[in-house]
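Asker: need a 3D model of the sequence below.
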Amino acid sequence: AKLGLHLPPELLAIVAEFRVNFGTALRTCQQHTDVVTSIACWHDKIWSASGDGTVCVWGLSGALVGQCKGHSKGVTGLATLQDRMWSASLDGTICFWSADGECLGRTK
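Answerer: Prediction:
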């Protein structure tokens, strides 16, 4: 069975740009102060997690929409479930976020 990638048309355009111009950075989003460890696409935005303990939310143009601060150590992963973005951190916590980047809660 062949696996398919299902993205909104706007994100497909970005992926197509990167494929056509392989090796050339078309957009650079700079906000994190450490390595980016994970990215996810959700609600027509791109979410990035970093070793600096933050999650950034980017518009499709590459503009920063918001920065989520809820972890004290590096964020290692992102996942979506229902109407929330979830982030896992080396501090042993999981935070969950609204589509606007508001921290809705934190678990340990």
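Asker: and Leu81, bridged to which residues?
Answerer: Arg84 (DSSP bridges).
Asker: following the helix or strand bottoming out on mean pLDDT in the chain, which helix or strand comes up?
Answerer: None of the helices or strands of the chain scores lower by mean pLDDT, DSSP states H and E than helix 9-20, at a mean of 50. The element immediately downstream of helix 9-20 (helix or strand, assigned by DSSP states H and E) is strand 36-42.
Asker: adjacent strands (with direction) for the helix or strand that that next one is followed by?
Answerer: Using DSSP H and E, the helix or strand that follows strand 36-42 in sequence is strand 45-50. The pairing partners recorded for strand 45-50 under DSSP bridges are strand 36-42 (antiparallel), strand 54-58 (antiparallel).
Asker: any residues touching strand 45-50, and which ones?
Answerer: Residues outside strand 45-50 that contact it (C-beta atoms under 8 Å, 6 or more residues apart in numbering) are 11, 29, 32-41, 55-60, 65, 74-78, 85, 87, 99. Yep, even glycine has a C-beta here, placed from its N, CA and C like the rest.
Asker: mind redoing it with 6 Å?
Answerer: 32, 34, 36-40, 55-58, 75, 78, 85, 87 (C-beta atoms under 6 Å, 6 or more residues apart in numbering).
Asker: quick one: the spatially most central residue of the chain and Asp83, what's the gap?
Answerer: Using C-alpha atoms, centre = their mean, the residue of the chain that lies closest to the mean C-alpha position is Trp47, 1.8 Å off. Trp47 sits 14 Å away from Asp83, going by C-beta to C-beta, to the nearest Å.
Asker: go on, Gln67?
Answerer: Taking C-beta to C-beta, one finds Gln67 at 20 Å from Asp83.
Asker: cool, Lys69 as well?
Answerer: Counting by C-beta to C-beta - Lys69 and Asp83 are separated by 21 Å.
Asker: perfect, I'm done here.
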